[in-house]
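*Asks:* give me the fold of what follows.
(one chain, ligands or ions: 1)
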Amino acid sequence: MQHVLVTGAGGFIGGHLVRRLREEGVGRIRAVDCKPKDEWYQVFDDVENVQADLQLLDACRDVTEGVDTVFNLAADMGGMGFIENNKALCMLSVLVSTHMLVAARDAGVERFFYSSSACVYAADKQSTPEVRPLRESDAYPADPEDGYGWEKLFSERMARHFYEDFGLETRVARYHNIYGPLGTWRGGREKAPAAICRKVATAVLTGDHTIEIWGDGQQTRSFTYIDDCLEGTLRLMASDVREPINVGSDQLVTIDQLVDIVEDIAGVKLERRYKLDAPQGVRGRNSDNTLIRERLGWAPSISLEDGLAATYAWVYDQVAATMQHG
Ligand code: NAD
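*Replies:* Residues are numbered from 1 along each chain as shown. You can find the predicted model right below:
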């Protein structure tokens, strides 16, 4: 990796990836996002920061020029509340996925990473809270999350065919609920860990000791701390694994248990109000890490308690600052 392009670098995972690549000593990094730079979560002055809309092929050609490695993380995404209500927007990320692959192929890029999602997994394998962890083969027969999941499933297949037909080395991770500081925590796109941290922090700061929980609290998920996500991503990128692979924790918890952990971190007990008609996604989802252990000799391991402590501390500061300064 001499000259690396990170797309979606103004977002949560992309920002952390740029930071990590700098720490790894990568010499030249180009960071690209469609958002204005003052909205990026992390901006580093020693990398080339570019604002560009990568739905446009010409923009993809411009930013891939001269790079040998691409991490394509740009997508329109958010938590269940966003993806259930913005299916077309989520599917339009296919323009980024397609144009980035075409531009990378034409620019002679050596390696291309695509961030897929656990939302590609078939719905009928996720219908109970005591769900069997999802193996990579469970994506077929296809019945992914409508909108967002279909785009991911299509684009990961396209990445495979770009290797088969054009020889572009592609690597695909299926991320499972990545969380951590310096990501979306309000505004409608935030995911459960950040939303719960925000609600608990708000309760602590206002003294209103109630919390709204989406669903009945019994739906299950696993959550992957950002540092584990980055380690898995870099190991996958350095490997010869050409098929999509889970990058996700297998520590399964209910949403109620997630709230318990954040309450313990904050030192409060809140009155829970369940919003049963809120978007909830599948009933249960967990990652089967057999393949990543076998192929990469590694799997995510940062505990939810540790990861949430760091996340809560950051979200708390954001809530406190917002209450002070508006
Ligand atoms: P994020 O929303 O924080 O970051 C995505 C970034 O892409 C945003 O900053 C956005 O402005 C940018 N973007 C969107 N459209 C663009 C365009 N046309 N041109 C340029 N930039 C564009 O999301 P994230 O959590 O950092 O996710 C990164 C990637 O990982 C996404 O592809 C997402 O689908 C995938 N993923 C994330 C999770 C998760 O739990 N966070 C889980 C599964 C998959």
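
*Asks:* for Ser117, what are phi and psi?
*Replies:* phi -150, psi 160 (degrees, to the nearest 10).

*Asks:* list the contacts for it?
*Replies:* Glu145, Tyr148, Gly149, Lys152, Arg174, Tyr175 (C-beta atoms under 8 Å, 6 or more residues apart in numbering). Just so you know, the C-beta spots here come from the backbone N, C-alpha and C atoms, and that holds for glycine as well.

*Asks:* not counting sequence-adjacent ones, nearest residue to Glu130?
*Replies:* Excluding the flanking residues, the one nearest Glu130 by C-beta to C-beta, 6 or more residues apart in numbering is Gly284, at 6.6 Å.

*Asks:* contacts only, for the closest residue to Ser97 other than its chain neighbours.
*Replies:* Among residues not flanking Ser97 along the chain, Ser155 sits closest, at 3.7 Å (C-beta to C-beta, 6+ apart). Shown in contact with Ser155 (C-beta under 8 Å, 6+ apart): Ser93, Val94, Ser97, Thr98, Tyr114, Ser116.

*Asks:* my read: the third one touches Val70, true?
*Replies:* No: under the criterion of C-beta atoms under 8 Å, Ser97 lies out of contact with Val70, with a separation of 11.5 Å.

*Asks:* in whatever helix or strand the residue nearest to Ser97 lives in, what counts as buried?
*Replies:* In this structure, Ser155 is located in helix 148-166 according to DSSP states H and E. Judged by neighbour count (16 or more other C-beta atoms under 10 Å), helix 148-166 contains these buried residues: 148-160, 162.

*Asks:* after it, next one along is what?
*Replies:* strand 169-175.

*Asks:* listing partners with orientation, what would you give for that next one?
*Replies:* Strand pairing for strand 169-175, using DSSP bridges, gives strand 111-117 (parallel), strand 245-247 (parallel).

*Asks:* comparing Ser97 and Val70, which residue is more hemmed in?
*Replies:* Val70 (27 against 24; other C-beta atoms under 10 Å).

*Asks:* my read: that one touches Glu110, true?
*Replies:* No: using C-beta under 8 Å as the test, Val70 is too far from Glu110 to be in contact (9.1 Å).

*Asks:* contact residues of the chain facing the ligand?
*Replies:* Within the chain, the positions near the ligand by C-beta under 6 Å from any ligand atom are 7-8, 10-14, 33-35, 53-55, 73-77, 96, 115, 117, 175, 177-178, 183-184, 191.

*Asks:* hmm, Leu21 and Gly27 touching each other?
*Replies:* No: the pair Gly27 / Leu21 is not scored as a contact, 9.8 Å apart, by C-beta under 8 Å.

*Asks:* so for the two, which sits in the more crowded spot?
*Replies:* The neighbour comparison of Gly27 against Leu21 (other C-beta under 10 Å) goes to Leu21, with 23 against 10.

*Asks:* is the more buried one located within a strand, as I assumed?
*Replies:* No: under DSSP: H, G, I helix; E, B strand; the rest coil, Leu21 sits outside any strand and is assigned helix.

*Asks:* and the pLDDT at it?
*Replies:* At Leu21, the model reports a pLDDT of 98.

*Asks:* list the contacts of it.
*Replies:* Taking C-beta under 8 Å, 6+ apart as the test, what Leu21 contacts is Met1, Val4, Val6, Ile29.

*Asks:* give me the angle between the helix holding Ser155 and strand 169-175.
*Replies:* Relative orientation of helix 148-166 versus strand 169-175 (axes from the mean of the first three to the mean of the last three C-alpha atoms, to 10 degrees): 160 degrees.

*Asks:* related to what we said a few turns ago, among the strands paired with strand 169-175, which comes closest to Asp216?
*Replies:* For the strands paired with strand 169-175, the distance to Asp216 is smallest for strand 111-117, at 24.1 Å, taking C-beta to C-beta.

*Asks:* one step back: in strands, which of the contacts of Leu21 appear?
*Replies:* Judged by DSSP state E, those include Val4, Val6, Ile29 as members of strands.
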